[in-house]
Every structure is written in structure tokens, then in C-alpha cells.
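# Show me how the following folds:
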Amino acid sequence: MTDRPLMPKATAVWLIDNTGLTFDQIAAFCTLHPLEVKGIADGDVAAGVRGIDPIAQHQLTREEIEKAEKDPDYRLKLSKPKTVVAQPKKTTRYMPLSRRQERPNAIAWIVRNHPEVPDAQISKLLGTTKTTIQAIRDKTHWNSSQLEPQDPVALGLCTQFDLDTAVQKASARRAEMEAAGQVPEGAKLAPASETERADSDSERTSKTDLSQVFANFTGGGDNKD
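Residues are numbered from 1 along each chain as shown. Have a look, this model is predicted:
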């Protein structure tokens, strides 16, 4: 049994709307990054997700929330069920051919919406190869022009819990790298000198030579029938 609420983002939505807890407290309880919690509060993350009451789900008590509201440094503790049921072991499920054909669309969706998730996690989540993922990232996949990014959960290729877990791990890893002063791959900006040079070249090529235009008009009268 994991020491976290069953639906972290939905629980975070409810806590933001119904309590006076800080973002750090909610992030710690829901095992989310504080920036994700802030994004949920701003409506940039988990838009449309309906909040779930952790009290009704027996994951928190009102007394625990009130205690945390009085002390910003206090961290909420998940209520332990009286009966602990062991998690079933994961087994390989048969996937119909139709769903396997939709896998590239699911990969394209993750690459577009969660570029921070590494290929190894995508491969484990969707049961695909790193070669296929890289081809879709580079747009060298044989069917790139026909790919339509689709939510892998909606396609039945993975559960929302597994997808959230993969995104959370990737976000935490990215935050650690940024805190250590390491810039994640793909996050580097081009130098300003290169950007300015490209802009000036673009302006030069886009300008029309007016003298040449008028020369063409005047020169047209010299033609004899």
C-alpha cells in the first residue's frame, strides 16, 4: 500500500477549494510538486478534474486538516484503513491488435503534453520501444503525417494512476536537475545574438526592391507588338 491518496490531483483540487492549507502542505500530502499545486489553483493544470473529498474517502480526518491549517509547517498524515489489502501483482494483459495500432497516437500525446517524461518511462508505461518513441519525437516515424495525439488513458493503454505517477516522477526529476543548476535537455534557449541575426536576415529578405518593381513597369512599354 502506498502512503498517498488514491487520486492525488482530484484530492488536491478539493483541498485547494475547501481548506486553508498551503501549497506545500497539499503538495506533500498528494505527492505532487508545489508548482503543480499552484498550477491547479491557477487553472493551468488538471483543468476539468472534479475534486474528491478525502474525508468522505476516509483518507483524512477533519481534525487532521484543522491541525494543519493552524501550523503551516505541519504535514498531513494519511488515515490508515483498519484492514490493509495487499496490492495485486501486475500481470501482462493481452492487448488487442486495434489498440496496439493506436499506440503511436498515445506516444505522440505524451510527447506533446508531457515532454519531460523520459523515453524509458514512456516505454514502460505503454509497452513500446525507445526506437519508436524517438522516431515520433523526431517526426521520422513512417506514419508521422497521419498521427493524431490521443490520451493513452482514453485509449485504454494505461490507467490514470500509472500516467500520473510517470508524470510526477519526471516532474520531480526535472525539479531536482533545475535546483542543481542543470538545464534539462531541450530546455536551452538560443543565444540572443543568433536570434537577432536571424531576425535581421529575415527582414532583409522580406524587403522589396521598389526600384526594381518600377523598372519592370517602365520597361514593359518598350515591347513592340
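# Settle this for me: residue 74 is touching residue 65, isn't it.
No: counting by CB atoms under 8 Å, residue 74 stays clear of residue 65, with 10.3 Å between them. For glycine as for every other residue, the C-beta is placed from the backbone atoms N, C-alpha and C.
# If you count surrounding residues, which of those two has more?
Set side by side, residue 74 and residue 65 show more neighbours around residue 65, with 20 against 15, by other CB atoms under 10 Å.
# what's the helix or strand for the more buried one?
Element membership for residue 65 (DSSP states H and E) is helix 62-70.
# Apart from its chain neighbours, what residue comes closest to residue 59?
residue 5 (5.1 Å; CB to CB, 6 or more residues apart in numbering).
# Tell me the secondary structure at the one you found.
Here residue 5 is recorded as coil under DSSP: H, G, I helix; E, B strand; the rest coil.
# wait, what's in contact with the residue nearest the centre of the chain?
Nearest to the mean C-alpha position of the chain, by CA atoms, centre = their mean, lies residue 114 at 3.0 Å. Listed by CB atoms under 8 Å, 6 or more residues apart in numbering, the contact set of residue 114 reads 166-167, 170.
# Equivalent analysis for residue 74, please.
25, 67-68.
# would CSV of those with pLDDT be doable?
Shown next, in CSV, are the contacts of residue 74 (pLDDT from 0 to 100):
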residue, pLDDT
25, 93
67, 92
68, 91
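# and residue 156, how many neighbours?
The number of residues near residue 156, taken as other CB under 10 Å, comes to 12.
# And for residue 60?
23.
# going forward can the numbers begin at 439, since that is how I track them
I'll keep to 439 as the first residue from here, and by that count the last item is residue 498.
# pLDDT score for it?
Looking at residue 498, its pLDDT is 90.
# ok, it touching residue 492?
Yes: assessed by CB under 8 Å, residue 498 is found in contact with residue 492 at 4.1 Å.
# how near is residue 475 to residue 573?
Per CB to CB, to the nearest Å, residue 475 is found 35 Å from residue 573.
# longest helix anywhere in the chain?
helix 598-617 (DSSP state H).
# That one - contacts with which helices or strands?
Helices and strands touching helix 598-617, by 3 or more CB pairs under 8 Å, 6 or more residues apart in numbering; DSSP states H and E, are helix 446-456, helix 472-480, helix 557-564.
# Could you list every helix and strand in contact with the longest one?
Which is helix 446-456. By 3+ CB pairs under 8 Å, 6+ apart, helix 446-456 packs against helix 461-468, helix 472-480, helix 598-617.
# Can you lay out those as a markdown table showing mean neighbour count and distance to residue 486?
Converted to a markdown table, the helices and strands packed on helix 446-456 look like this (neighbours: other CB atoms under 10 Å; distance: least, CB to CB, whole Å):
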| stretch | mean neighbour count | distance to residue 486 |
| --- | --- | --- |
| helix 461-468 | 21 | 18 |
| helix 472-480 | 18 | 11 |
| helix 598-617 | 16 | 13 |
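# out of the ones you listed, which comes closest to residue 518?
helix 461-468 (14.2 Å; CB to CB).
# what does that closest one rub up against?
Taking CB under 8 Å, 6+ apart as the rule, helix 461-468 contacts 442-443, 446-447, 449-450, 453-454, 470-472, 474-476, 479, 498, 506, 510, 512-514, 516.
# which stretches of this structure have low pLDDT?
439-440, 519-538, 620-663 (pLDDT under 70).
# wait, doesn't residue 474 sit right on residue 483?
Yes: with contact defined as CB under 8 Å, residue 474 reaches residue 483; the gap is 5.6 Å.
# My understanding was that residue 451 contacts residue 486; is that so?
No: contact between residue 451 and residue 486 fails when scored by CB under 8 Å: they sit 9.9 Å apart.
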